[in-house]
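Asker: quick one, fold the following:
(chains A, B, C and D)
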There are 2 protein chains.
Amino acid sequence: MLLRCQLLSEVEARGVRLTAQRRALIETIQEATTHLDAASLLELAHKRDPNINRATVYRTIELLKQLGLIDELDLMHLNGEKHYYEVKTEKEHLHLACFKCGEIVEFATPAFERLKHEIAAKNQFEIQAIRLEVGGLCGLCAAKKQKQLQ
Amino acid sequence: MLLRCQLLSEVEARGVRLTAQRRALIETIQEATTHLDAASLLELAHKRDPNINRATVYRTIELLKQLGLIDELDLMHLNGEKHYYEVKTEKEHLHLACFKCGEIVEFATPAFERLKHEIAAKNQFEIQAIRLEVGGLCGLCAAKKQKQLQ
DNA sequence: GTATTTGCAAAAGCTTTGCTGCAAC
DNA sequence: GTTGCAGCAAAGCTTTTGCAAATAC
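Answerer: Residues are numbered from 1 along each chain as shown, chains lettered A, B, ... in the order given. You can find the predicted model right below:
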């Protein structure tokens, strides 16, 4: 799996030596198909190594954040205050969170990229992290609401 | 003060009866010149009524959120996990948070408005809340870093 | 042998809740 | 006399931390 190798090698390319536990955690993040919060990451990583501890999870997340390799999301606090993590992608994308059904959709558009550049230029700001989150009703839930009102 | 009357009357226009404490809290939010978190709001509101309780603060914030009159911000978790609140404005704006000096700058641009509309249209999404937060180095701190590197 | 990492449990920080009594209408 | 609000303290949830033991190099 190409992607899996990328995150790991990105870390090592930065001269960071990894323990087996951290490697397991990083692989788990890389292979995840949904947005992971710390607890879910721990649970998933336990399949690789049941001894991994919560503290190690947080410390590894901290490491990856420092290296600028993952992004931290709130997903509009749809499920409380936990954070979610995803591997940083080349192109910025945003997250749509449905307050009704909880669905999370990702959306990328050149307009977001352009906006990002405008922000940096007009404010002389060196952007290290950018997070655009949207909350509301997805198409399905919005349609349902319309029906109920009729 | 015109603005102050607006938030209050917006609430009452929605048929919500307010107690004196809630009115005091809402006035405090309206008049604040910085982004308030719950604790700061409580502290400030105590000048109007020293009996206001933390629980009442959170319950009033919840009310205003439900009514769609305030926005909740994280400000890139610059100071921990607390939330900040601001009166919802007509035009969307975003927040730039400097990881170094902690400065928060607001920035509005038509490009953000356009992006918002594109998001809604392309995803058939009914946007109720949108939050764009940026973290990095403000111009000053970025310049300082450049100097140190030389 | 020194430097890091781990495991554990406790603490910390912010927010929510249960419940009792109080106030409003 | 209902209905809803306030006050208090405790609980809840997620994240962070201190420290001793274990591991890696």
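Asker: and A:Asn123, how many neighbours does it have?
Answerer: The burial count assigned to A:Asn123 is 17, neighbours taken as other C-beta atoms under 10 Å in any protein chain shown. (C-beta placed from N, C-alpha, C; glycine too.)
Asker: wait, it sits on B:Leu137?
Answerer: No - using C-beta atoms under 8 Å, A:Asn123 is not in contact with B:Leu137; the gap is 10.7 Å.
Asker: so who does the residue nearest the centre of chain A touch?
Answerer: Residue closest to the average C-alpha location in chain A (C-alpha atoms, centre = their mean): A:Glu86, at 2.6 Å. Applying C-beta atoms under 8 Å, 6 or more residues apart in numbering or on different chains to A:Glu86 gives the contacts A:35-36, A:70-71, A:73.
Asker: pull the helix or strand with minimum mean pLDDT from chain A.
Answerer: The weakest-scoring helix or strand in chain A, judged by mean pLDDT, DSSP states H and E, is helix A:2-13 (a mean of 79).
Asker: tell me which helix or strand comes right after that helix.
Answerer: Going down the chain from helix A:2-13, the next helix or strand is helix A:20-31, by DSSP states H and E.
Asker: look up the residues forming beta bridges with A:Leu137.
Answerer: Using DSSP bridges, the bridge partners assigned to A:Leu137 are B:Glu126.
Asker: what's the neighbour count on it?
Answerer: 21.
Asker: show me what contacts it?
Answerer: With C-beta under 8 Å, 6+ apart, A:Leu137 has these contacts: A:98-100, A:145, B:125-126, B:128.
Asker: from B:Gln66, how far out is it?
Answerer: Applying C-beta to C-beta, to the nearest Å, the value for A:Leu137 to B:Gln66 is 15 Å.
Asker: also A:Leu78?
Answerer: From A:Leu78 across to B:Gln66, the span is 16 Å (C-beta to C-beta).
Asker: those two - which one has more neighbours?
Answerer: Neighbours were counted for A:Leu78 and for B:Gln66 using other C-beta under 10 Å; A:Leu78 has more, 17 against 11.
Asker: quick one: residues contacting that one.
Answerer: So A:Leu78 contacts A:97, A:99, A:102, A:104, A:135 (C-beta under 8 Å, 6+ apart).
Asker: got the phi and psi for it?
Answerer: phi -60, psi -30 (degrees, to the nearest 10).
Asker: cool, and A:Leu94?
Answerer: The phi and psi values for A:Leu94, taken as degrees, to the nearest 10, are phi -120, psi 170.
Asker: so the closest residue to it other than its chain neighbours, which state does it fall into?
Answerer: The shortest distance from A:Leu94 to any non-neighbouring residue, by C-beta to C-beta, 6 or more residues apart in numbering or on different chains, is to A:Leu132 (3.9 Å). Secondary structure assignment for A:Leu132 (DSSP: H, G, I helix; E, B strand; the rest coil): strand.
Asker: what residues does chain A have near DNA strand D?
Answerer: With C-beta under 7 Å from any atom of the strand as the criterion, chain A meets DNA strand D at residues A:17, A:19-20, A:37-39, A:54-55, A:58-59, A:61-62, A:79-83.
Asker: now with 6 Å?
Answerer: With the criterion set to C-beta under 6 Å from any atom of the strand, chain A comes near DNA strand D through A:17, A:37-38, A:54-55, A:58, A:80-83.
Asker: now for those residues: which two are most distant?
Answerer: For the residues of chain A next to DNA strand D, the farthest-apart pair by C-beta to C-beta is A:Arg17 and A:Gly80; their separation is 34.7 Å.
Asker: all strands for chain A, in order.
Answerer: For chain A, applying DSSP state E gives strands covering A:36-37, A:70-73, A:84-87, A:94-98, A:104-107, A:126-137.
Asker: which parts of chain A sit against chain B?
Answerer: A:72, A:74, A:76-77, A:81, A:94, A:96, A:98-99, A:105, A:107, A:109, A:111-112, A:114-115, A:118-119, A:122-139, A:142 (C-beta under 8 Å from any C-beta of the partner chain).
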